[in-house]
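Visitor: got a predicted model here, sequence first, then my questions.
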Amino acid sequence: MHLNQLYGYLGRKIDLIETKNVFNKDLPLFVTSRIIKNIIKINDKISTLLLYNNLNDQTLLELNSTFDLNLKNSFLNVKTNVAIAAAVTAYARIYILPFKFNPSTVYTDTDSTLTTEIWPENLIGKDLGLIKDELHGKIINEGYFLGINQYG
């Protein structure tokens, strides 16, 4: 799971969505100065805005000149590294491969596996590289697997 989180952190997109609660009376200021994905009305006084951040500067320049606007780009420093994300993913796939092809395995995901056997204690733990027992020793008696990430 730690590897999956590392992949998610380093493999994320640079363009982000910022969530901001604003007074409805201030909406015109945001509508004319920011690129808004969605406006969610909370009540008569407050709305939640989903704002695009880290947009391509050339895109903003074209929008501003075409429509005579003054859109601003809020930039948040997003630390990404696709090479590290790809390496983490490749390592995780290599690591989980023996578990996927074990005859007792009934389902696997990026960072998890369901099996009909109990794993040896030396493989289970909370440290990096060990298997985390999400059920804390409990056993599933029946499972339904409908597709990727669709099970019960």
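Guide: That came through, no problem. Numbering: from 1, shown residues only.
Visitor: who are the contact partners of the spatially closest residue to Asp44 that is not a sequence neighbour?
Guide: Using C-beta to C-beta, 6 or more residues apart in numbering and skipping the chain neighbours, the partner closest in space to Asp44 is Asn24 (7.1 Å). In short, each C-beta sits where N, CA and C put it, glycine included. Counting by C-beta atoms under 8 Å, 6 or more residues apart in numbering, Asn24 makes contact with Lys41, Asp44, Lys45, Ile46, Ser47.
Visitor: quick check: Asn24 vs Leu51, distance?
Guide: 16 Å (C-beta to C-beta, to the nearest Å).
Visitor: and if you look at Leu29?
Guide: Counting by C-beta to C-beta, the gap from Leu29 to Leu51 is 12 Å.
Visitor: so those two - more neighbours on which side?
Guide: When Leu29 is set against Leu51 and neighbours are counted by other C-beta atoms under 10 Å, the residue ahead is Leu51, at 19 against 11.
Visitor: that one contacts Ile35, correct?
Guide: Yes - contact criterion C-beta atoms under 8 Å: Leu51 and Ile35 qualify, at 6.9 Å.
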